[in-house]
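Chemist: Fold the following, please.
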Amino acid sequence: MKKTILCIILLAANILVSLAQTMQKHTVQRGETQESVAQKYGVTVAAMKEANPNIGEYFYVGMVLNVPEKQSVAENGSVPVTETTSVPATTSTAATRVVVDERQESAYTSPTVSSTTVSFSRKGTWDMTGRLGWFARTYEKGADMDGFGMSMLLGANYFLEEQAFLKFCIGWGTASKNKNKVNSELHSIRVPISINYLVPIGKKAGISFGAGPYFDYVVSGKTEYGVGKDKYKVKFSDIEGAHDMVIGLHGCISIMFSEDWGLFGEYGFGLTERTKDNKENYWSAGIAYSF
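Modeler: Residues are numbered from 1 along each chain as shown. Reported below is the predicted structural model:
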């Protein structure tokens, strides 16, 4: 009896080892579905579900799947056909592939669950983002520091929900002007933080709306008056009531034409003074991108 039990245990272990050796591993990538993974390895969705019992309920980016051994010919001599939903029996294999390809989910598509397709979940994931554009500062009292320039930001998006995300950026803003014998420059480090909501438009595009605080710290600045021998310079730090740090609120709208790039417009106003009794506003617009 003991020998029989031992033989059964060894046989079971042998089978498990054999199965482990024949199964590859696949990590789910953005935009993949159960059908696309099954097609990639030449197996059926049913075989994938048998090797991964949980994918009937869960299927997400980063999930590690067991890939069963490819069977090129079934026992009855027929070629396995990838599962699809409501495809007529007369439909060819090529047509079936087209149907499956059209069902691919995009980053901006709300998740759907069916018997064969589960879109990926963005909740709890990060992606990198950046902005490059035109930048302008204005002041309530028309300060000589008004100016136009460029702004460049890099940061990250953290998805709190499928379409709601936190954006954190840090970058550089510069504005200058040369008008009426006044030449001014102001360079600062900018840190905007916002809560955003993404509204999908089709499979690839979307519009996001965001708002939150921003911090602007002046690194250097100056204003020159006059020309020739009459020219004289005033450093930003020498201006009465000058504050290196300004805290304010800003709002932003981004129109994304794909998952990777789009256009943005942004407006912010200071809650604290830049100089004595003088608060600043800013506008920015340009290209937004993700990577």
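
Chemist: Tell me the predicted confidence for Ser258.
Modeler: The score at Ser258 is 85. That number is its pLDDT.

Chemist: cool, and the one 5 residues further on?
Modeler: Reported pLDDT at Leu263 in the predicted model: 96.

Chemist: What's opposite the nearest residue to it once chain neighbours are set aside in the beta bridge?
Modeler: Leaving aside its sequence neighbours, Leu263 sits nearest to Ile255 (C-beta to C-beta, 6 or more residues apart in numbering; 5.2 Å). No exception for glycine: its C-beta is placed from N, CA and C like everyone else's. Taking DSSP bridges as the rule, Ile255 bridges to Ile207, Leu263.

Chemist: you'd agree Ile255 is up against Gly262?
Modeler: Yes: using C-beta atoms under 8 Å, Ile255 makes contact with Gly262 at a distance of 5.1 Å.

Chemist: shared neighbours of those two, anything?
Modeler: Ala205 (C-beta atoms under 8 Å, 6 or more residues apart in numbering).

Chemist: quick one, which of the two is more surrounded?
Modeler: Higher neighbour count among Ile255 and Gly262: Gly262, with 18 against 14, using other C-beta atoms under 10 Å.

Chemist: Does Tyr58 fall in a helix, a strand, or a coil region?
Modeler: coil (DSSP: H, G, I helix; E, B strand; the rest coil).

Chemist: no, scratch that, I was asking about Met128
Modeler: strand.

Chemist: Please name the residues that touch it.
Modeler: Leu154, Gly155, Ala156, Asn157, Ser290, Phe291 are the contacts of Met128 under C-beta under 8 Å, 6+ apart.

Chemist: now swap in Ala51 and tell me
Modeler: Each residue near Ala51 by C-beta under 8 Å, 6+ apart is listed here: Met23, Leu65, Asn66, Val67, Pro68.

Chemist: can you list contacts of the host helix or strand of the second one?
Modeler: Which is Leu65. Per DSSP states H and E, Leu65 falls inside strand 64-67. Among residues not part of strand 64-67, those counted as contacts by C-beta under 8 Å, 6+ apart are 23-28, 37, 41, 43, 48, 51-52, 55.

Chemist: Relative to that strand, what are the paired strands and their orientations?
Modeler: In the sheet, strand 64-67 lines up against strand 24-27 (antiparallel) (DSSP bridges).

Chemist: okay, now Leu132: neighbour count?
Modeler: Neighbour number of Leu132 under other C-beta under 10 Å is 16.

Chemist: Show me how the record splits the protein into domains.
Modeler: What automatic domain parsing lists as the domains of the chain is 2-102, 126-290.

Chemist: Can you tell me which of the ones you listed has the worst average pLDDT?
Modeler: Among the domains of the chain, domain 2-102 has the lowest mean pLDDT, at a mean of 66.

Chemist: For stretch 124-132, buried residues please.
Modeler: For stretch 124-132, a neighbour-count test (16 or more other C-beta atoms under 10 Å) marks Asp127, Thr129, Gly130, Arg131, Leu132 as buried.

Chemist: Does the fourth one lie in a helix or a strand, and which?
Modeler: This means Arg131. Assigned by DSSP H and E, Arg131 falls in strand 126-139.

Chemist: List the neighbouring strands of that strand plus their orientation.
Modeler: Counting by DSSP bridges, strand 126-139 is paired with strand 147-159 (antiparallel), strand 280-290 (antiparallel).

Chemist: May I see these organised as JSON lines, with distance to Met245 added?
Modeler: Formatted as JSON lines, the strands paired with strand 126-139 follow (distance: least, C-beta to C-beta, whole Å):
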{"stretch": "strand 147-159", "distance to Met245": "17"}
{"stretch": "strand 280-290", "distance to Met245": "12"}
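
Chemist: quick one: which of the ones you listed is nearest Val191?
Modeler: strand 147-159 (8.9 Å; C-beta to C-beta).

Chemist: Could you pull up the residues touching the closest residue in space to Ile253 that isn't next to it in sequence?
Modeler: Distance criterion C-beta to C-beta, 6+ apart; nearest residue to Ile253, sequence neighbours excluded, is Gly265 at 5.4 Å. Gly265 is in contact with Cys252, Ile253, Trp283, Ser284, Ala285, counting by C-beta under 8 Å, 6+ apart.
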